[in-house]
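# Sequence and predicted structure are below.
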Amino acid sequence: MHDGTLHRLFPSAKFDEPLRRYTAWKIGGPADALLEPKSVDDLVAAVREARENGVPVTVLGGGTNVLVRDGGIRGLTIRLAKSLTNVEVEGTSVAADAGVLYPVLANTTAASGLAGLEFATGIPGTVGGAVYMNAGAYNSETREVLVWADVFRAETGEVVRMRNEELDLSYRHSILHERPDWLVLRAGYALEPGDAGTLKARIKEFRAQRMNGSPNKPSCGSTFKRPPGDFPGRVIEAAGLKGTRVGDIEVSPVHANYFVNLGGGTAEDALELMDLVRTTVREKLGVELESEVRVIGEP
Ligand SMILES: Cc1cc2nc3c(=O)[nH]c(=O)nc-3n(C[C@H](O)[C@H](O)[C@H](O)COP(=O)(O)OP(=O)(O)OC[C@H]3O[C@@H](n4cnc5c(N)ncnc54)[C@H](O)[C@@H]3O)c2cc1C
């Protein structure tokens, strides 16, 4: 859609913007138009404008769980990690905008003497992405503390406060996977009173555990979900795949479920490596691996 329409509709966007600059994996072709809205009103207005003009919309939070394909994303891509970052604490209730980074939310709530979101320190994405993925770590997950999410439903133009039960949260899944037109604007959490010092110490401990067990190279974290009763890292290692490479994407020798970008990795390399690992693990161990990372964009 390079006929000037996007320039006219979204004058403050960046055009033909390489998305590898915005993904944890450092992979991704160009967005036709990339917009970082300054407010919820800005965001809602841009999505309405896009719909009225038949422009497809894609949302990115922190870009920490997406594989953007090398052809990039057509239409409008909205990125929330740098905008919509307000957090409100009232008693033990916390409301956070979709763009708030989970580690920031962990620190903010701990400093306020509120327990329950310490696990979020290990998850580098945003509140919106965490609701979408029901993100979790250290045996806790978002659904245990989430009370509601304000969801903009582009097809009707309304904002609906959806309760936890309505979001269909399960292991790395929410109803949003089936509703690409729905966008999380804010989320509300119910936490427990706690001692700020103890909570901060727990966060520090979680971070130290992470530093030891994960590779220090660009990746999207866990590539595959846990198969029933097992761990993807264990089965990938057992299939002898640690260190396997396609192009510049490698099954990390540090943690086999992290596929790291050694510098010039492409989405096609990553997809080929994922395919190779999936097939080998199936053939050697009879275990079926399912992708945790969301693949978006054009080949
Ligand atoms: C080093 C590393 C470690 C990680 N560790 C963990 C971990 O321990 N536990 C874990 O669960 N995950 C982990 N992840 C994965 C990732 O951080 C989470 O899945 C996170 O919740 C994704 O958030 P995001 O904002 O980056 O989403 P993105 O990657 O930007 O997007 C993911 C999906 O969510 C959708 N989305 C994003 N924002 C919105 C919104 N506002 N409304 C509607 N849809 C939206 C996108 O369209 C996309 O489909 C890790 C990733 C990395 C790189």
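Yep, that arrived. The shown structure was predicted, so the numbers you read here are calculated from the model rather than taken from an experiment.
# switch to C-alpha atoms for all contacts and neighbour counts from now on
OK.
# The ligand contacts on the chain?
By the rule Cα under 6 Å from any ligand atom, the part of the chain lying against the ligand is 24, 59-66, 98, 122-126, 128-130, 132-133, 135-137, 182-185, 219-221, 294.
# Narrow these to those that are buried.
Neighbour-count burial (16 or more other Cα atoms under 10 Å) is assigned, among the residues of the chain next to the ligand, to 24, 59-66, 98, 122-126, 128-130, 132-133, 135-136, 182-185, 219-221.
# Counting only strands, which of the residues you listed make the cut?
Counting by DSSP state E, the part of those found in strands is 59-60, 66, 136, 182-185.
# between the residues you listed, which is nearest residue 209?
Nearest to residue 209 among these, counting by Cα to Cα, is residue 136 at 15.2 Å.
# mind listing what that closest one touches?
Contacts were defined as Cα atoms under 8 Å, 6 or more residues apart in numbering; by that measure residue 136 touches 119-120, 123, 142, 172.
# try 7 Å this time
Each residue near residue 136 by Cα atoms under 7 Å, 6 or more residues apart in numbering is listed here: 119, 142.
# quick check, distance from the one helix or strand residue 106 maps to to the centre of its chain.
Following DSSP states H and E, the helix or strand that holds residue 106 is helix 102-111. Averaging C-alpha coordinates over helix 102-111 and over its chain gives two centres that are 17 Å apart (Cα atoms, centre = their mean, to the nearest Å).
# Give the other helices and strands that it contacts.
The contact analysis (3 or more Cα pairs under 7 Å, 6 or more residues apart in numbering; DSSP states H and E) places helix 102-111 against helix 196-213.
# 10 Å - rerun?
Counting contacts by 3 or more Cα pairs under 10 Å, 6 or more residues apart in numbering; DSSP states H and E, the secondary-structure elements packed against helix 102-111 are strand 87-90, strand 93-97, strand 114-115, helix 127-133, helix 196-213.
# Which strands border the shortest one, and is each parallel or antiparallel?
Paired neighbours of strand 114-115 in the sheet (DSSP bridges): strand 192-193 (antiparallel).
# Buried residues, stretch 5-17. List them.
Result for stretch 5-17 [16+ other Cα under 10 Å]: buried residues 6-7, 10, 13-17.
# Just these: which are in helices?
In helices, defined here by DSSP state H, the members of the buried residues of stretch 5-17 are 6-7.
# The helix or strand where residue 160 lies - what's its average pLDDT?
Under the criterion of DSSP H and E, residue 160 resides in strand 158-163. In this model, strand 158-163 carries a mean pLDDT of 97.
# what's the most buried one of the helices and strands packed on helix 102-111?
Across the helices and strands packed on helix 102-111, averaging neighbours per residue (mean count of other Cα atoms under 10 Å) puts helix 127-133 on top, at a mean of 28.
# And it, how far out from the chain middle?
Its chain's C-alpha centre and that of helix 127-133 lie 6 Å apart, by Cα atoms, centre = their mean.
# Pull the number of nearby residues for residue 178.
Applying other Cα atoms under 10 Å, we find 9 residues neighbouring residue 178.
# Oops, could you answer that again for residue 232 instead?
Applying the criterion other Cα under 10 Å, we find 24 residues in the vicinity of residue 232.
# Find the residue closest to it in space, skipping its chain neighbours.
Among residues not flanking residue 232 along the chain, residue 226 sits closest, at 5.5 Å (Cα to Cα, 6 or more residues apart in numbering).
# sorry, back to before: can you redo the ones in strands among the buried ones among the residues of the chain next to the ligand as TSV with pLDDT and distance to residue 91?
Converted to TSV, these look like this (pLDDT from 0 to 100; distance: Cα to Cα, whole Å):
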residue	pLDDT	distance to residue 91
59	97	31
60	98	31
66	98	35
136	98	24
182	97	29
183	97	27
184	98	23
185	97	22
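# from these, which two are the most distant?
Between all members of these, the longest pairwise span (Cα to Cα) is found for 136 and 182 and amounts to 21.4 Å.
# where does the residue nearest to residue 72 when sequence neighbours are not counted land on pLDDT?
Counting by Cα to Cα, 6+ apart, residue 29 is the residue found nearest to residue 72 once chain neighbours are left out, at 3.8 Å. According to the predicted model, the pLDDT of residue 29 comes to 98.
# Determine the number of other residues adjacent to residue 29.
Applying the criterion other Cα under 10 Å, we find 22 residues in the vicinity of residue 29.
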